[in-house]
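Visitor: coords below, sequence missing:
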């Protein structure tokens, strides 16, 4: 994975932490927006969709339906399926929090698996 893509993925996950209140974080839509914007600038599909959702719902920012629509279109171009559904149906939907997939390192099946904290990647 390219360094830029890796950073975007980390920022998107941090955004999710603050949007949904995951990983022991309190919900903070303004912080979520900051992370989603960073990831969106690197063309991260989910972060771009979530940024659109925040703008449409007015979470952490004043409602801006026009900008939300632009972000949904961008997210669709980047391959986000939730953005495609939103544009096709016109229905607002807040997707469930994404499952965490952690990178693991192991030499063989008999060794302990070392889970790397995604914040440290």
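Guide: Received, thanks. Since the model is a prediction, treat every value here as computed from it, not as a measurement. Residues are numbered from 1 along each chain as shown.

Visitor: residue contacts, the closest residue to residue 80 other than its chain neighbours?
Guide: In space, and not counting its chain neighbours, residue 80 is closest to residue 45: 3.7 Å by C-beta to C-beta, 6 or more residues apart in numbering. The way it works is simple: take the backbone N, C-alpha and C, and place the C-beta from them, glycine included. The contact partners of residue 45, taken as C-beta atoms under 8 Å, 6 or more residues apart in numbering, are 75, 78, 79, 80, 83.

Visitor: what about the last one, neighbour count?
Guide: What it means is residue 83. Close neighbours of residue 83, defined as other C-beta atoms under 10 Å, add up to 24.

Visitor: isn't it right up against residue 52?
Guide: Yes: counting by C-beta atoms under 8 Å, residue 83 does reach residue 52; the two are 6.9 Å apart.

Visitor: now list whatever residues contact both of the two.
Guide: With C-beta under 8 Å, 6+ apart, residue 83 and residue 52 have common neighbours 71, 72, 75.

Visitor: redo these as CSV? Include neighbour count.
Guide: Converted to CSV, these look like this (neighbours: other C-beta atoms under 10 Å):
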residue, neighbour count
71, 25
72, 24
75, 28
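
Visitor: any chance of a markdown table for these, columns distance to residue 32 and pLDDT?
Guide: Output for the shared contacts of residue 83 and residue 52, formatted as a markdown table (distance: C-beta to C-beta, whole Å; pLDDT from 0 to 100):
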| residue | distance to residue 32 | pLDDT |
| --- | --- | --- |
| 71 | 14 | 98 |
| 72 | 17 | 98 |
| 75 | 15 | 98 |
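
Visitor: looking at the residues you listed, which is nearest residue 9?
Guide: Nearest to residue 9 among the shared contacts of residue 83 and residue 52, counting by C-beta to C-beta, is residue 75 at 15.0 Å.

Visitor: right, and the closest one touches residue 48 too?
Guide: Yes: the criterion here is C-beta under 8 Å, and residue 75 meets it with residue 48 at 3.9 Å.
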